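Participant: Attaching a predicted model along with its sequence, questions to come.
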Amino acid sequence: MSTPSERKRIALVFPLAVPHLAEFVEGVVDYSNNEADWTFTTSPAWSGGFPETFAMSMKSLRGWHGDGAIAVITDPQDAAVARNLEFPVINLAATLEDPCGVPRVMVDHEEIGRVAARHFLAKGFRHFAYYGVADPLYGKLRQAGFSNILKEAGHTLDQVFHAPARTDPDMPWINTLDELGEWLADLPKPIALLAVNDYRACLVVEQCQRMGIPIPQQIALLGVDNDNVICEHCHPTLSSVSRNGHQVGYTAATLLDSLIRGTAPPDCDILVPPGPVIQRDSTDIVAIENSHVSAAVQLIHDNLARSFGINNLIRELRISRRFLERHFRQELGCTPHEYLTQRRIEKAKRLLERHSDLSIQEIAAACGQSDPRNFRRSFQRFTGMLPSEYRLRPSTRPDP
């Protein structure tokens, strides 16, 4: 273990309260603990419930006698400052087209788009849309990756909406949603929509609620970042491509350590593969063309928490069981009862993963199962384990 005087001093020049940046920090700290034994100077976010007046910037590092920095650099002026500091700087941001001579480590944003496209293609969608932000490089890369995989599969991405990167802060909030709402209303449906990040996806959820457009039945929606605060508190909950932030942070720290030791910087950006899609309610659907099956699926999703069976379904739709079952098999490859049970089990799995405070009986009730014994049997038949065993397993949550 090195002495305090021997430890390298590293500045982290970004707000630690941003969820995906906090994951980066965990990766940086893990590298330090395993390989480097660094001390950190960070940018304060809150103190006693109030924002600090000082926020670290690249300019504030002039004259600082440290050994290196990891930063989020989003404009050429800060990049120029970083280049002229007496210690190496790693940039984590994919905002600028030109990295301006500052070594950059970032998630592979084009691969994020490819991961999203594969997720939607596996669900049988034929129409696709992208909601991005004008100017930043990461948005262009995510759109390109999304579009390229669709093209390889014989589809096109012809429904694109770009919001301005900056809006007037004094503009009424509702005005910012009007243009988005017009675009959403005109989309062919059902459609798979990738939003550039979870925040923008949340705006889609809000606007669809105002307009009465059901998610995921008419718009299957996917965000990026897997920000749990946003994703878990949307209604419906939001599916999202995870960034693999820990690995980005660890990789950035590895590169910074090598630069501190005198290694020449790389000639190009270092890209880290993203994580999987974390599926929640907003993409828990398959694309359906048949209007009777589509209506049945919407009723099933709307009534998962109720004691609601196939008899209720055919009574609501005023069609025969045989007719519904035949078209269900044609569209989805299963019976209505099998589909209803699968959706309830998927809901139960999410509750088991995210709510350790709920009993098995409470989870059964939340999934429309009044008899916990029947719930346990159904769960075991579909998953190969009892609900209590599923809750205790190591959590991987892969892309289905």
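Facilitator: Arrived safely.
Participant: From now on I want contacts and neighbour counts done on CA atoms only, so please keep to that.
Facilitator: Noted.
Participant: Any chance you could list what contacts stretch 339-355?
Facilitator: 280, 300-301, 304, 358, 363-364, 367-368, 378-379, 382, 387, 390-391, 395 (Cα atoms under 8 Å, 6 or more residues apart in numbering).
Participant: which of those residues has the most neighbours?
Facilitator: Neighbour counts for those (other Cα atoms under 10 Å) peak at residue 364, which has 26 neighbours.
Participant: Relative to residue 150, how far out is that residue?
Facilitator: To residue 150, residue 364 is 39 Å away according to Cα to Cα, to the nearest Å.
Participant: isn't residue 269 right next to residue 104, touching?
Facilitator: Yes - the criterion here is Cα atoms under 8 Å, and residue 269 meets it with residue 104 at 5.1 Å.
Participant: who has more neighbours, the two?
Facilitator: A direct count of neighbours by other Cα under 10 Å for residue 269 and residue 104 places residue 104 higher, at 26 against 17.
Participant: On the pLDDT front, check the more buried one for me.
Facilitator: Turning to residue 104, the model gives it a pLDDT of 98.
Participant: With residue 51 instead?
Facilitator: So residue 51 comes in at 48 (pLDDT).
Participant: What of the one 10 residues further on?
Facilitator: What the model reports for residue 61 is a pLDDT of 92.
Participant: check contacts around it.
Facilitator: Going by Cα under 8 Å, 6+ apart, residue 61 touches residue 85.
Participant: For the stretch 1-150 of the chain, give me the ranges with low pLDDT.
Facilitator: 1-5, 16-17, 43-55 (pLDDT under 70).
Participant: ok, which stretches of it are strands?
Facilitator: 9-15, 39-43, 46-47, 50-51, 68-71, 89-91, 105-107, 128-133 (DSSP state E, counting those that start in this stretch).
Participant: angle of the first one against strand 39-43?
Facilitator: Compare the direction of strand 9-15 with that of strand 39-43 by axes from the mean of the first three to the mean of the last three Cα atoms, to 10 degrees and you get 20 degrees.
Participant: Would you mind extracting the C-alpha trace of strand 9-15 into CSV?
Facilitator: Extracted as CSV, the C-alpha positions of strand 9-15 are listed here (Å, rounded to 0.1, in the frame of the first residue of the first chain):
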residue,chain,number,x,y,z
ARG,A,9,-4.4,12.6,-7.0
ILE,A,10,-7.3,12.2,-9.5
ALA,A,11,-10.0,14.8,-10.2
LEU,A,12,-13.5,13.7,-11.2
VAL,A,13,-14.9,16.6,-13.2
PHE,A,14,-18.6,15.8,-13.4
PRO,A,15,-21.7,15.8,-11.1
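Participant: Show residues contacting that strand.
Facilitator: 21, 38-45, 56-58, 66-72.
Participant: and that strand, which strands flank it?
Facilitator: strand 39-43 (parallel), strand 68-71 (parallel) (DSSP bridges).
Participant: Can you spell out the domain ranges of the chain, please?
Facilitator: Domain ranges of the chain: 9-106+245-274, 109-242+278-283, 291-392, per automatic domain parsing.
Participant: could you point out the longest helix in the protein?
Facilitator: Using DSSP state H, we find that the single longest helix of the chain is helix 336-354.
Participant: which parts of it are buried?
Facilitator: 336, 339-352 (16 or more other Cα atoms under 10 Å).
Participant: again with stretch 24-34
Facilitator: Buried, per 16+ other Cα under 10 Å, within stretch 24-34: 24-32.
Participant: Quick check: which helices or strands does the helix or strand encompassing residue 380 pack against?
Facilitator: Using DSSP states H and E, residue 380 sits within helix 372-383. For helix 372-383, the packing partners by 3 or more Cα pairs under 8 Å, 6 or more residues apart in numbering; DSSP states H and E come out as helix 336-354, helix 360-366, helix 387-392.
Participant: Can you say which helix or strand has residue 192 in it?
Facilitator: strand 191-195.
Participant: So what angle separates the directions of that strand and strand 128-133?
Facilitator: 20 degrees.
Participant: now strand 191-195: how far from the chain's centre is it?
Facilitator: How far strand 191-195 lies from its chain's middle: 13 Å, per Cα atoms, centre = their mean, to the nearest Å.
Participant: Return the list of strands paired to that strand, each annotated with direction.
Facilitator: Applying DSSP bridges to the sheet, strand 191-195 is found paired with strand 128-133 (parallel), strand 219-224 (parallel).
Participant: how much space between residue 330 and residue 324?
Facilitator: 10 Å.
Participant: Would you mind telling me which of these two has the busier surroundings?
Facilitator: Of the pair residue 330 and residue 324, residue 324 is the one with more neighbours under other Cα under 10 Å, namely 20 against 13.
Participant: related to what we said a few turns ago, to residue 245, which of the strands of the stretch 1-150 of the chain lies closest?
Facilitator: Set against residue 245 and scored by Cα to Cα, these come closest in strand 105-107, at 7.7 Å.
Participant: for the residue nearest to the spatial centre of the chain, helix, strand, or coil?
Facilitator: Residue closest to the mean C-alpha point of the chain, counted by Cα atoms, centre = their mean, is residue 240 at 2.6 Å. Following DSSP: H, G, I helix; E, B strand; the rest coil, residue 240 is assigned to strand.
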